[in-house]
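K.L.:
Return atomic coordinates for the entry below.
(chains A and B)
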Amino acid sequence: MAIQGLETNFNDYDVLLNECVNQRAVREGQRVHAHMIKSCYLPPVYLGTRLIVLYVKCACLGDARKMLDEMTLRNVVSWTAMISAYSQRGYASEALNLFVQMLRSGTEPNEFTFASVLTSCTGGSWLDLGRQIHSFVSKTSFESHIFVGSSLLDMYAKAGRIHEARQVFECLPERDVVSCTAIISGYAQLGLDEEALELFRQLLTEGMVPNHVTYTSLLTALSGLAALDLGKQVHSHVLRSKVHSYVVLQNSLIDVYSKCGNLAYSRRVFDSMTDRTVISWNAMLVGYSKHGMGKEVVELFNLMREENKVKPVSVTFLAVLSGCSHGGMEDKGLGIFHEMEKGKYGAEPEMVHYACVVDLLGRAGRIDEAFDFINKMPFAPTPAIWGSLLGACRVHSNFEIGEFVGRRLLEVEPENAGNYVILSNLYASAGRWEDMRTIRELMKEKVVIKEPGRSWIEIDQILHTFHASERTHPRREEVKTKLMELSVKFKEVGYVPDLSCVLFDVDEEQKEKILLNHSEKLALTFGLIATPEGLPIRVIKNLRICVDCHNFAKIFSKFYGREVSLRDKTRFHRIVGGICSCGDYW
DNA sequence: TTAGGGTTAG
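P.N.:
Next up is the predicted model:
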């Protein structure tokens, strides 16, 4: 049917609008709409709603909203189509405002409305409103509806309220792959990786059939755990199933291999992809960057620009700049930063990029330049920026700037123990013992220990976790005895425990004991006794590795001829024959 | 006619 012969009646309009919706023909729909206006035809609710649906499906939100506003009579579908359009595109406040307007108008929401509007309550700041909607939902029959329930549990999970999310999940009268994935992903996104993995296994035994989204969420957890064998298992599963070509899933595979220290596998996945999003490039660049592979970072960035299919974004530059910094390509990194400033890439440098430059200059020993750079930045420096410069002052023994920065940091970030340690060590190296003692005293009063250290190692698909106060591992006594033995052997070949790494005010003997109990030493020692001779040992630590453990690992690698791959909070340390890929700067 | 879960960085 064409516009020319269009009659001003419901049936003609209805047939034509249906065709438009099916073919996503928004122009044609707009012409039909214009015809209605010209003919002074006031569309009934059904046709008005049909137009809203058409506009929403063709991403013309402005037209859709105009239509809704023009309608004198609206039904639950007209409201819900608009609310869900806002929700899906991330316009949370518009969606919520409209929901409130809908209630005021006296229209009863249905399960579609609740499922939509609750997805706009994610992100923490809307949680209070989300709770109110939840209590509203409980008074209706929709509480047990699976779509509404999935939205609800996802809302709680994204706000960090995983127990409430779990409660909603447990109360669902039925489960499907989406609700199962939502709860698994909730755990994974909060870094509760072991819980995510355990729940995945449990739900699998209960009959869940995972799809590409479930595998993507599971891979997030496996990345956090650096569970290489499990990651490979998921990969082969994915290859045998129909879901292997989803880009998001492949991006997660790049990430899992890179976080497990296996960049060759990451690159193989990356190269095999026919379509890549900016996240595929970013994941690969971040992988190289965390391994300190500056040359590869720059080459891949150049390739990305040559291909010119996707535009680099903020995270891309973060990876490129930090890759240049960790990979000893300071001038290249500085060059790219200056090009960003000049607008070459269409992405303005942000605070994180400035922080990368400070790190880059500091690492290269260009402390004065870094200090000048901070003072000229268009932002007020963050504690992380000062912290990065303080670290550089420690490594390059710059007392003057170090003292200034350290004092500054104690004011803005009094709870961070690392700052006190570096500053007191700076004083010690300058022979200013009185100042050193004052700083140590100050530290005792103010420091908050946020997260206890833990390290883990994967052997035959089993993750073995160690804490400083190790009481749980079945082979802990054997590990501790072996570790004592290593300490004696290593001292004979030059290992001197670095007691300045200990934050507690105890005697030297006690300090040495504390150091020897650091979780990464326990995990490393377990790796030695639990894996065949000569094989590389892969340890993961949740915090930044301390100088003493780093020294210990270097001697360990040389003594036993074992390659040690140690992933800490910020990067990978690949230690071969006593030499670390980080160049002793991290 | 309207609905729920996913990837990089910090």
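
K.L.:
How much space separates the spatially most central residue of chain A from residue A:225?
P.N.:
Nearest to the mean C-alpha position of chain A, by CA atoms, centre = their mean, lies residue A:189 at 7.6 Å. Noted for residue A:189: a distance of 14 Å to residue A:225, by CB to CB, to the nearest Å. Backbone N, C-alpha and C define where each C-beta goes, glycine included.

K.L.:
Go ahead and report the secondary structure state at residue A:109.
P.N.:
Under the three-state scheme (DSSP: H, G, I helix; E, B strand; the rest coil), residue A:109 adopts coil.

K.L.:
If I look at it, what pLDDT would I see?
P.N.:
Note on residue A:109: pLDDT of 97.

K.L.:
Kindly report the same for the one 5 residues further on.
P.N.:
For residue A:114, the pLDDT comes out at 97.

K.L.:
now swap in residue A:430 and tell me
P.N.:
On the pLDDT scale, residue A:430 gets 77.

K.L.:
check contacts around it.
P.N.:
Residue A:430 makes contacts with residue A:399, as judged by CB atoms under 8 Å, 6 or more residues apart in numbering.

K.L.:
Likewise for residue A:419?
P.N.:
So residue A:419 contacts A:387, A:390, A:406, A:409-410, A:413 (CB under 8 Å, 6+ apart).

K.L.:
Residue A:553 too?
P.N.:
Residues near residue A:553 by CB under 8 Å, 6+ apart: A:520, A:524, A:545, A:564, A:566, A:573, A:575, A:580.

K.L.:
So which elements touch the helix or strand containing residue A:317?
P.N.:
In this structure, residue A:317 sits in helix A:314-326 according to DSSP states H and E. Applying 3 or more CB pairs under 8 Å, 6 or more residues apart in numbering; DSSP states H and E, one finds that helix A:314-326 contacts helix A:278-290, helix A:294-307, helix A:330-341, helix A:351-363.

K.L.:
Near residue A:198, how many other residues are there?
P.N.:
Residue A:198 is flanked by 14 other residues according to other CB atoms under 10 Å.

K.L.:
On the pLDDT front, check it for me.
P.N.:
So residue A:198 comes in at 97 (pLDDT).

K.L.:
hang on, it is in a helix, isn't it?
P.N.:
Yes: assessed by three-state DSSP, residue A:198 belongs to a helix.

K.L.:
That one and DNA strand B: what is the separation?
P.N.:
18 Å (CB to the nearest atom of the strand, to the nearest Å).

K.L.:
I'd like to check the angle between the helix holding residue A:317 and helix A:351-363, please.
P.N.:
Using axes from the mean of the first three to the mean of the last three CA atoms, to 10 degrees, the inter-axis angle of helix A:314-326 relative to helix A:351-363 is 0 degrees.

K.L.:
Who wins on neighbours among the contacts of residue A:553?
P.N.:
Highest neighbour count within these, by other CB under 10 Å: residue A:520, with 29 neighbours.

K.L.:
check contacts around that one.
P.N.:
Taking CB under 8 Å, 6+ apart as the test, what residue A:520 contacts is A:453, A:455, A:539, A:541, A:545, A:549, A:553, A:566.

K.L.:
who touches the first one in this structure?
P.N.:
The contact partners of residue A:453, taken as CB under 8 Å, 6+ apart, are A:467-468, A:518-520, A:541-543.

K.L.:
Let's see the pLDDT reported for it.
P.N.:
Note for residue A:453: predicted pLDDT of 87.

K.L.:
List phi and psi for it.
P.N.:
The phi/psi pair for residue A:453 (degrees, to the nearest 10) reads phi -70, psi 140.

K.L.:
Would you mind stating the distance between residue A:310 and residue A:548?
P.N.:
Taking CB to CB, one finds residue A:310 at 43 Å from residue A:548.

K.L.:
Between these two, which has more neighbouring residues?
P.N.:
residue A:548 (24 against 16).

K.L.:
residues contacting that one?
P.N.:
Contacts for residue A:548 (CB under 8 Å, 6+ apart) come out as A:497-498, A:501, A:515, A:518.

K.L.:
at 6 Å what do you get?
P.N.:
A:497-498, A:501, A:515 (CB atoms under 6 Å, 6 or more residues apart in numbering).

K.L.:
Give me the subset of those that lies in helices.
P.N.:
If you go by DSSP state H, the contacts of residue A:548 have residue A:515 in helices.

K.L.:
Secondary structure added to the contacts of residue A:419, as a markdown table?
P.N.:
Output for those, formatted as a markdown table (three-state DSSP):
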| residue | secondary structure |
| --- | --- |
| A:387 | helix |
| A:390 | helix |
| A:406 | helix |
| A:409 | helix |
| A:410 | helix |
| A:413 | coil |
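
K.L.:
Report the residue spans of chain A with pLDDT below the cut-off.
P.N.:
Residues of chain A meeting the criterion pLDDT under 70: A:1-2, A:124, A:448-450, A:503.

K.L.:
The longest helix along it: which residues count as buried?
P.N.:
If you go by DSSP H, chain A has its longest helix at helix A:476-492. Neighbour counts using 16 or more other CB atoms under 10 Å place A:479-480, A:482-483, A:486-487, A:490 of helix A:476-492 among the buried residues.

K.L.:
Kindly report the same for stretch A:577-585.
P.N.:
Neighbour count says stretch A:577-585 has A:580-582, A:585 buried, by 16+ other CB under 10 Å.

K.L.:
Secondary structure element holding residue A:275?
P.N.:
Residue-wise, residue A:275 maps onto no helix or strand under DSSP H and E.

K.L.:
do the same with residue A:540
P.N.:
Using DSSP H and E, residue A:540 falls within strand A:537-541.

K.L.:
does any part of that strand sit near DNA strand B?
P.N.:
No: against DNA strand B, strand A:537-541 shows no contacts by CB under 7 Å from any atom of the strand, the least distance being 13.5 Å.

K.L.:
what packs against that strand?
P.N.:
For strand A:537-541, the packing partners by 3 or more CB pairs under 6 Å, 6 or more residues apart in numbering; DSSP states H and E come out as strand A:454-459, helix A:519-530, strand A:564-567.

K.L.:
burial count for the residue in the stretch 401-550 of chain A that DNA strand B sits nearest to?
P.N.:
In the stretch 401-550 of chain A, the residue that lies nearest DNA strand B is residue A:544 (11.9 Å; CB to the nearest atom of the strand). For residue A:544, the neighbour count with other CB under 10 Å is 13.
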